[in-house]
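Visitor: turn this into a structure:
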Amino acid sequence: MSTTPAPAGAQSRHFSKIGKLAANYSLIVVFALICVVFSLVTDTFLSPANLFNVLVNNVVLLAIVALGLTLVVSSGGIDLSVGVAVDLASMVFVMMLGAGHGILPGIAAGLGVAVFVGLLNAVLITRLKISPFLATLGVLFIGQSTQQLATGGGQPIYLITGEPAAAFDSIARSALLHVPTPVIVLFLCVIAVYLLLHRSVFGRQIVALGVQPGVARYSGIRVARQLSWVYVACALLAGITGILLSATVKSYVPLSGNAFLLDAIGATFIGTTLSSERRPSVIGTLIGVLMLAAMKNGLLLVGWNFYWQQVGIGVLVFVVLAASFALGRRSH
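Guide: Numbers count the residues shown, from 1 in each chain. Presented below is the predicted three-dimensional model:
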């Protein structure tokens, strides 16, 4: 009994499907490999204490900033001023507590100044028609100088005793049903951004602006208003990060928000490899954040210093993006 070989076209379509699956799930495969490697070369990587530490101290803050950038990148833009929004929210929050104001006024003031950063970006981009890169870069420089001027050249502000310290503890070290408050805040932010980006008319319009901006502009979308909301939302999320950062370390350290910028951008673009259209998504960004956090923690446990950790992160980003691009080309 003879068998008829499959037509060449069918075989081509079969391999194309395999290639697409490999391209779309290469991110998950790389993440799993990272976890397996570090679990084999260290004794503590998968320990509950270490995983809890990574989640609370490495994932939460970076993930909230990256969620904001996911919105911005989905709209076809970029925001280089997220670190400034983090810093200014942290600075104003700490100053308010240090001046004797309550925790709620401090939070409101911190988030308010972050929103102002987003509004400034929105005006520069939508009204003055400056490119997002240059507009947010300018806000970055202004924000950094503002911090230097407000703190006498960049002096940290420590509030480790008294009522301010108790207020910090009420945020960073409290829990609900044994779940730390920062994790709950992250969960709420994830739900909000997911619904906004993936389950609303606003999200569809934002994606349309990112994919086909010319068509979107002629389809009745109020481009200026929608983009303004995107940059305000991104800055607000960065402000939330600033509040949580101050509550965690009981202080404000000038320019500390810059540490989130490149990692958040990296996590967002790594996350695009989860989509066949290479579009940002909430799930992809979260996996990108987890991957970067796992990589940094694993390298720390094996004894690599900060500078070599940055080399490792750079190589990781290159490998993930290059592998996804190569597999995607082979699937077509």
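
Visitor: thought Leu140 was touching Leu80?
Guide: Yes - counting by C-beta atoms under 8 Å, Leu80 is a contact partner of Leu140 at 5.1 Å. All C-beta atoms are positioned from the backbone trio N, CA, C, and that covers glycine.

Visitor: what segments of this protein are strands?
Guide: Along the chain, the stretches classed as strands by DSSP state E are 157-158, 175-176, 179-180, 251-252.

Visitor: got the contact list for the last one?
Guide: Strand 251-252 has contacts (C-beta atoms under 8 Å, 6 or more residues apart in numbering) with 87, 90-91, 93-95, 151, 156-160, 246.

Visitor: show me which of those residues are buried.
Guide: Asp87, Ser90, Met91, Phe93, Val94, Met95, Thr151, Ile157, Leu159, Ser246 (16 or more other C-beta atoms under 10 Å).

Visitor: what separation is there between the closest residue in space to the fourth one that isn't next to it in sequence and Leu244?
Guide: The reference is to Phe93. Nearest non-adjacent residue to Phe93, counting by C-beta to C-beta, 6 or more residues apart in numbering: Gly110, 3.5 Å away. Remark: distance between Gly110 and Leu244 (C-beta to C-beta, to the nearest Å) = 10 Å.

Visitor: what's the answer for Val183, then?
Guide: 10 Å.

Visitor: now the common contact residues for these two.
Guide: Val60.

Visitor: quick one, which of those two is more surrounded?
Guide: When Val183 and Leu244 are compared for neighbours, Leu244 comes out ahead with 24 against 16, by other C-beta atoms under 10 Å.

Visitor: can you name the residues that contact that one?
Guide: Shown in contact with Leu244 (C-beta under 8 Å, 6+ apart): Val60, Leu61, Ile64, Ile171, Ala172, Pro182, Val185.

Visitor: endpoint to endpoint, stretch 147-158 covers what distance?
Guide: Distance between the two ends of stretch 147-158: 15 Å, counting by C-alpha to C-alpha, to the nearest Å.

Visitor: okay, now Leu40: neighbour count?
Guide: Counted by other C-beta under 10 Å, the residues lying close to Leu40 total 10.

Visitor: quick revisit: ok, the contacts of strand 251-252 vs Leu46, which is closest?
Guide: Leu46 lies nearest to Ser246 out of the contacts of strand 251-252, by C-beta to C-beta, at 30.7 Å.

Visitor: find the nearest non-adjacent residue to the closest one, please.
Guide: Distances taken as C-beta to C-beta, 6+ apart place Ser90 nearest to Ser246, at 4.4 Å, with adjacent residues excluded.

Visitor: just checking, the one you found touches Val113?
Guide: No - contact criterion C-beta under 8 Å: Ser90 and Val113 do not qualify, at 9.8 Å.

Visitor: which one, of the strands of the chain, ends up nearest to Gln226?
Guide: Comparing the strands of the chain under C-beta to C-beta, the one sitting nearest is strand 251-252, at 32.9 Å.

Visitor: centre of the chain to the closest one, how far?
Guide: Distance, stretch centre to chain centre, for strand 251-252: 21 Å (C-alpha atoms, centre = their mean, to the nearest Å).

Visitor: pull up the per-residue confidence for the residue nearest to Ile64 when sequence neighbours are not counted.
Guide: Nearest residue to Ile64, sequence neighbours excluded (C-beta to C-beta, 6+ apart): Thr241, at 4.7 Å. The model reports Thr241 with a pLDDT of 97.

Visitor: contacting residues around Ala264?
Guide: Applying C-beta under 8 Å, 6+ apart, one finds that Ala264 lies in contact with Leu62, Val65, Ala66, Gly68, Leu69, Val82.

Visitor: poorly predicted segments of the stretch 1-150 of the chain, please.
Guide: Applying pLDDT under 70 to the stretch 1-150 of the chain flags the ranges 1-25.

Visitor: before we move on, back to that, among the strands of the chain, which is nearest Thr136?
Guide: Judged by C-beta to C-beta, the one of these that comes nearest to Thr136 is strand 251-252, at 21.9 Å.

Visitor: pLDDT averaged over that closest one - what is it?
Guide: Strand 251-252 comes out with an average pLDDT of 92.

Visitor: same check on stretch 178-185?
Guide: 93.

Visitor: distance check, the closest residue in space to Gln226 that isn't next to it in sequence against Asp87.
Guide: For Gln226, ignoring the flanking residues on the chain, the nearest one in space by C-beta to C-beta, 6+ apart is Gln205 at 5.6 Å. Distance, Gln205 to Asp87, by C-beta to C-beta: 31 Å.
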